[in-house]
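Trainee: 3D, please:
(one chain, ligands or ions: 1)
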Amino acid sequence: MQYNFKEIEAKWQQYWAKNQTFKASNHSDKQKFYVLDMFPYPSGAGLHVGHPLGYIASDIYARFKRHQGFNVLHPQGYDSFGLPAEQYAIQTGQHPAITTKTNIARYREQLDKMGFSFDWSREVRTSDPNYYRWTQWIFIQLFESYYCNDAQQARPIAELEEVFAKEGNANINAVCDEDVVSFSGEDWKNYADKEKQAILLKYRLTYLAETEVNWCPQLGTVLANDEIVNGVSERGGYPVIRKKMKQWSMRISAYAERLLQGLDAIDWTESLKESQRNWIGKSVGAEVEFRVQNSEFRVQVFTTRPDTIFGATFMTLAPEHDLVLKITTPDQKEAVEAYIEKTSKRSERDRMADVKTISGVFTGAYAEHPFTKEPVPIWIGDYVLASYGTGAVMAVPCGDQRDYDFAKHYNIPIKNIFKDIDISENAYAEKDCVIDNSDFLNDLPYKKATKRAIFELEKLGQGKGKTNYRLRDAVFSRQRYWGEPFPVYYKDGMPQMIDEKHLPIQLPEVEKYLPTEEGEPPLGRADVWAWDTEKNEVVSNDLIDEERVFPLELNTMPGWAGSSWYFFRYMEDSIRDEVFASQEALDYWQNVDLYIGGSEHATGHLLYARFWTKFLKDRNLVPIEEPFKKLINQGMILGESAFVYRIKGENRFVSKDLIGEGKVQPIHTDVSFVNLSNELDVEAFKHWRPEFKEAEFLLNENGKYIVGREVEKMSKSKYNVVNPDDICEDFGADTLRMYEMFLGPLEQAKPWNTAGITGVHNFIKKLWKLYHSNDALVVSEEKTSKESLKTLHKTIKKVTEDIENFSFNTSVSTFMICVNELTAQKCTSREVLEPLAVLIAPYAPHIAEELWQKMGHQESISRVAYPKFDEKHLVESNKNYPISFNGKMRFTLDLPLDLSKEEIEKAVMQDERTQKQLEGRTPKKVIVVPGKIVNIVG
Ligand code: ANZ
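Mentor: Numbers count the residues shown, from 1 in each chain. This is a model prediction of the structure:
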C-alpha cells in the first residue's frame, strides 16, 4: 500500500473532530498542563508558512504532554478586533464583523489542515459580544478600584470613600494623580457630588484625564507607544504628533514595582525580561527641592545622583514645566516664549534621540543651592522631558554629559567635585570615585555619599529618597469603530458606569466607519447611542434629556484589552453567562505553563496581560499573580523572494545568468511563478500584470529565464509568501510540520526553502515503508535484535531530551537516523515499531495514527503512554580491543565484555594475525587490561 497522505490526513482530521479527541476536561485526577499560542489576528491575507511555526512547536509539546499522562489544555481563538478590518470597512463599506467572520473561517480551514490538537470547544473571539461583555466587566472592576501603597494591592474604591468621609485624605497612602489637594472629612461631606466624583477619578485604576497623546491624523486615532516605530505609526507608517485629549487611561504605573519583581519568578528568556525591565525603567535616587530666589516658588528635581549636588551649577526645566512662565523675568520673556513655541513642534521621541543639538534659554531667574545657598541660574532646555521625573533637573556638568555640553555651549561655570578625575574633555559618568570639594561629602565613596546627601536634605526639609519608574500609565481610548465599546455614559460631564447586569453594551450600527466631520470618533455617527437609566438600555440619541437619558462614550477600547485576559476565558469548559471564568476552572488550570508567540509583544501585550492578572488577583478574581510561567518566542520564517531583471528604460527582461555590464533593475516576481530550479514561468509572469504583457524575455542557452533569489521578510508585498495549504496539498501536513521544525532552532530566524522539503517528505515515505513490505503491513512478533533495541532506545533518549529542551530540529534528524538504521537492520518487530509510532506522533500525528491503527489498535494514539528509555539497551556487550605488539597497535579484535583475563589472552593468541606478527616466537609477556587493551611483549 502506497503512502497516501491525502487520504490519511483527511481521515484523521475528521476522526479527531468527530471524537473530540483533544477536548480537555475540567474534572480530572491527572496533573494539568496548559499550552497556549498567542492567538492570531485573522487578517484578510490568510496564513503563510511563517505563521504556524510557533503553533507547530506548541502542538508537539501539547501532544507530548498528553502522552506523558497530563491533562492538557491547548485552546485556540482569535484576536478579532483591530485596524485592518476597519480600514477595509472604510474603503469598501463592508461591516468589519462580516470581514472578520470570513477571515476567521479561512483561518480555521487552514489551521484544520495542519492537524493541530486544539480544543476548539473553548474557542474565543474578542469581538464576540459574549466575550467582550467580560472585557467591559473587567474595565468596570478597574474603575471601582484604587491602588493602596500600604497593602501593595488594588482595593475597592468604596473603602476609600469611607475613609474620606471619616477623616479626609491626609492618611491615605495611595497611587493617585499628582494634583490631588488635601481635604478633611468635613470638606468631603460638603463637596457636591460632582466634586467627589472628580476627586475619586484621580484615584481610580482606570481614569479619565486630559493627557498628551500620540495622535495619528491619517489613522484618525491615538496610538500607544509600542504602536509607534521610529516616530511613525507601526501600521501604515504615518506621522504621529503630540496632542492633548481627554482619554481613558490605565494606572499601570501603580504596578511598576510588582511587574518588575514578578519577572524573577518566571521562566522567560533573559532578553525578554530585560526589555520589560528597561520599559519599566526603575531609577533609585532622590527628589530635591530648590527654592527660587525672591519668590515663593520651589522647583523639585529628580536625580539619581544626590551625591553630586555640590557640583550643581545651574538648573534646567523642561520648556513645558508649569513654573517656567511664572519665574521668567520680564527681559527674558520673549526669548523664553519663542523657545517654547519652537520645541513644541518636536516630538518627545526626537528630543530623547537627539543628543547632539544643544538648545536652551535662560529664564532670568535664580534658585538657591540647598547647602551652599549660592545662586543657581535656572534655564529651560528641551533635553529635559516634561513627562519624566519632575520635568526638571539640577544640572551637574562634571557628572552628566548633557549638562556638561550645555554648560560649555552657554558658558555656564563647571565645578569639578571628583578627586583626581580629569573633566577637561568630558563629564565623569562612573560612580567609582571619591568626592572632594563638597563639604560633608568629602572623601566618601559613592554609596555613602548618596546616603549622607539624602540624610542632610531630609534634615533641611528639602529632599527625600525617591524611586522613579519610566513606565507611563497606558492610554486606553481609541477613536475607532471596531473595538469594545466602553460601558460608560456621561452625566453632567462625569463618567458613569453601566451596571454589570446590563452588559454587554453592543457596538451600534453606523453608516460609515470614519470619524465625524467634527472630529468625533466613528461612534459619534450612531443615531442610537444613548443610555436610558430607567429602561437600562441603549436608546435613540433624540431622547437625550440629561435627566433620564444620557450620551454614551464615543471611544472604544484598544487592541490590547481583549488579549489581556483571554487565557482565563479558555479555562472555562462551557459558555458561562454569569462569570468571566468560574472559580473552579481558575483553581484547576491556574496559569499557562507554556506560552509561545512572537517577540514583538515583549512590552505591549505581555506587560498588559501581567498587569491585569495582578489586578484580578488583588481583587480575588483569579488565584495567580503571573499568567505565563514559561514563554518562548519563535523566530521568524523568512521568505525567499524572486527577482526578474528589467533592462533600465526598456521593457525587456534578461535572465539572471545573462546579466552583463548593462544596468538592470530588479523587480519582485511572485514566487509561485518560479520552479525549484529557479526557472520562471514566463507566460504566467506576463499575465500577472498588464504592464508585463508585451515584455520581451532574453532567455539563456537552455531557453530558460532564471530568476535571482534573496532572503527577505515573508510578506504579501514582497510576493514571496508560501501558503501552507499548497504545501499540505503537495506533501501533506505531517511533512509540513516536520519540515518547519527541521528548518532550524525554534527561536532563530531562518529562511524558508521549498526545495528542501522533499528531503523530509522522503523521510516520511521511508518511515511508511519501514512498516510495510509489498504493500502489506510487516509488523511481526518475533524476537527483536539487540541493535534494533539499541537504535530505539537511543532515539527515545534523544527525542525526549530534545522535546524537553524545545530543540525540535534535532529531533527530526534523530528520527531520520533511526529510520535509516532500522531499515538497514530490516527490523519488523512490534516491540520497536509500536513505540516508534508513539515517539513520532507529536511531530507527524496523522501517519502515526494510521500506523497505530494498522497495528491493531482501536483507540487514538494520542494518549498512549510515551515510551520509556531503558539504559540497559545502550550498554555495550562487546569491546573492540586494540591489540598491540611491543606497544604498537597492529589490529583490533571484537570480543565479549564478560570474558576473563585468561579467556581474552586465549582468544588473542589463537587469532591468525597474532601468529603472523609473532612469526613463531613465544611472547615474553601478554598484558591484558579487560575492557581496554591487550599488549604483547617480546
Ligand atoms: C543630577 C545628576 C548628576 C544626574 C549626575 C545624573 C548624573 P535615569 O537613570 O534615566 O532615571 N533627569 C531627571 N529627570 C529628567 C528629565 N525629565 N529629563 C531628562 N533628564 C532627567 O536618569 C535620571 C537622571 O537623569 C537624573 O539624575 C537627572 O540628572 C536626569 F552626575 O541629576 B541627574
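Trainee: residue boundaries of the strands in the stretch 551-700 of the chain?
Mentor: Under the criterion DSSP state E, counting those that start in this stretch, the stretch 551-700 of the chain carries strands at the ranges 592-597, 628-633, 637-647, 652-654, 664-669, 696-698.
Trainee: output the contacting helices and strands for the fifth one.
Mentor: Helices and strands touching strand 664-669, by 3 or more CB pairs under 8 Å, 6 or more residues apart in numbering; DSSP states H and E, are strand 637-647. Glycine gets a C-beta too; all of them are placed from N, C-alpha and C.
Trainee: rewinding a little: do you know which of the strands of the stretch 551-700 of the chain lies nearest the ligand?
Mentor: Relative to the ligand, the nearest member of the strands of the stretch 551-700 of the chain by CB to the nearest ligand atom is strand 628-633, separated by 26.9 Å.
Trainee: helices and strands around the closest one, which ones?
Mentor: In terms of contacts (3+ CB pairs under 8 Å, 6+ apart), strand 628-633 is packed against strand 592-597, helix 605-618.
Trainee: pull the strand or helix carrying W279 out as PDB, backbone CA atoms only.
Mentor: According to DSSP states H and E, W279 maps onto helix 270-280. Below are the C-alpha coordinates for helix 270-280, written out as PDB (Å, rounded to 0.1, in the frame of the first residue of the first chain):
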ATOM      1  CA  GLU A 270      16.800  36.900  29.800                       C
ATOM      2  CA  SER A 271      16.500  39.200  26.800                       C
ATOM      3  CA  LEU A 272      12.700  39.300  27.100                       C
ATOM      4  CA  LYS A 273      12.900  40.100  30.800                       C
ATOM      5  CA  GLU A 274      15.500  42.700  30.000                       C
ATOM      6  CA  SER A 275      13.200  44.500  27.600                       C
ATOM      7  CA  GLN A 276      10.400  44.600  30.200                       C
ATOM      8  CA  ARG A 277      12.900  45.800  32.800                       C
ATOM      9  CA  ASN A 278      14.000  48.600  30.500                       C
ATOM     10  CA  TRP A 279      10.500  49.500  29.700                       C
ATOM     11  CA  ILE A 280       9.600  49.700  33.400                       C
END
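Trainee: returning to that earlier point: to L746, which of the helices and strands packed on strand 628-633 lies closest?
Mentor: strand 592-597 (8.4 Å; CB to CB).
Trainee: could you say what helices and strands that closest one packs with?
Mentor: Where contact means 3+ CB pairs under 8 Å, 6+ apart, strand 592-597 is packed against strand 32-37, helix 52-67, strand 628-633.
Trainee: coming back round to it: in JSON lines: the helices and strands packed on strand 628-633, plus mean neighbour count, mean pLDDT and distance to the ligand.
Mentor: Shown next, in JSON lines, are the helices and strands packed on strand 628-633 (neighbours: other CB atoms under 10 Å; pLDDT from 0 to 100; distance: least, CB to the nearest ligand atom, whole Å):
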{"stretch": "strand 592-597", "mean neighbour count": "23", "mean pLDDT": "98", "distance to the ligand": "30"}
{"stretch": "helix 605-618", "mean neighbour count": "23", "mean pLDDT": "98", "distance to the ligand": "19"}
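Trainee: closest one to G639 among those?
Mentor: Nearest to G639, of all those, is strand 592-597, at 20.1 Å by CB to CB.
Trainee: give me the three-state assignment for the closest residue to the ligand within the chain.
Mentor: Across the chain, the shortest distance to the ligand (CB to the nearest ligand atom) belongs to G399, at 2.2 Å. Using DSSP: H, G, I helix; E, B strand; the rest coil, the structure places G399 in coil.
Trainee: touching, it and A429? I think so.
Mentor: Yes - assessed by CB atoms under 8 Å, G399 is found in contact with A429 at 6.8 Å.
Trainee: and the two? Which one has more around it.
Mentor: Applying other CB atoms under 10 Å to G399 and A429 shows that G399 carries more neighbours, namely 25 against 10.
Trainee: ok, now which ones touch the more buried one?
Mentor: G399 is in contact with R305, T308, G311, I417, F418, A427, Y428, A429, counting by CB atoms under 8 Å, 6 or more residues apart in numbering.
Trainee: packing partners of whatever helix or strand A365 lives in?
Mentor: Secondary structure from DSSP H and E places A365 in strand 360-368. When contacts are defined as 3+ CB pairs under 8 Å, 6+ apart, strand 360-368 packs onto strand 282-292, strand 314-317, helix 324-327, helix 330-343, strand 375-381, helix 401-410.
Trainee: try it again with 7 Å
Mentor: When contacts are defined as 3 or more CB pairs under 7 Å, 6 or more residues apart in numbering; DSSP states H and E, strand 360-368 packs onto strand 282-292, helix 324-327, helix 330-343, strand 375-381.
Trainee: now these as CSV including mean neighbour count?
Mentor: Formatted as CSV, these follow (neighbours: other CB atoms under 10 Å):
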stretch, mean neighbour count
strand 282-292, 18
helix 324-327, 17
helix 330-343, 14
strand 375-381, 22
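Trainee: re earlier: nearest to I847, out of the helices and strands packed on strand 628-633?
Mentor: Taking those one by one with CB to CB, strand 592-597 is closest: 23.9 Å.
Trainee: tell me which strands that closest one pairs with, and in which orientation.
Mentor: strand 32-37 (parallel), strand 628-633 (parallel) (DSSP bridges).
Trainee: pick the most buried one from the ones you listed.
Mentor: Highest mean neighbour count of the strands paired with strand 592-597: strand 32-37, a mean of 24 (counted as mean count of other CB atoms under 10 Å).
Trainee: that strand vs helix 52-67, what angle?
Mentor: Inter-element angle recorded for strand 32-37 and helix 52-67: 170 degrees (by axes from the mean of the first three to the mean of the last three CA atoms, to 10 degrees).
Trainee: so what does I199 look like in phi/psi?
Mentor: Main-chain dihedrals, I199, degrees, to the nearest 10: phi -70, psi -50.
Trainee: got any ranges where this structure has weak pLDDT?
Mentor: 1, 575 (pLDDT under 70).
Trainee: near the ligand, which residues of it show up?
Mentor: 283, 302-305, 308, 384-385, 388-389, 391, 393-394, 396, 399-400, 468 (CB under 6 Å from any ligand atom).
Trainee: ok, now with 5 Å
Mentor: 283, 302-305, 308, 384-385, 388-389, 393, 396, 399-400 (CB under 5 Å from any ligand atom).
Trainee: now the two most distant members of the residues you listed.
Mentor: By the measure CB to CB, T308 and L385 form the most distant pair in the residues of the chain next to the ligand, at 19.9 Å.
Trainee: neighbour-wise, which of the two wins?
Mentor: T308 (29 against 14).
Trainee: can you verify the more buried one is assigned to a helix?
Mentor: Yes - looking at T308 with three-state DSSP, it is inside a helix.
Trainee: which residues touch it?
Mentor: V396, G399, I417 (CB atoms under 7 Å, 6 or more residues apart in numbering).
Trainee: contact partners of the strand holding A365?
Mentor: Residues contacting strand 360-368 (CB under 7 Å, 6+ apart): 290-293, 299, 315-316, 324, 327-329, 331-332, 335-336, 339, 375-381, 406, 410.
Trainee: so which elements touch the helix or strand harbouring A158?
Mentor: Assigned by DSSP H and E, A158 falls within helix 157-167. The helices and strands touching helix 157-167, judged by 3+ CB pairs under 7 Å, 6+ apart, are strand 145-148, helix 185-190.
Trainee: how about that helix: buried residues?
Mentor: Buried residues in helix 157-167, counting neighbours by 16 or more other CB atoms under 10 Å, are found at I157, L160, E161, V163, F164.
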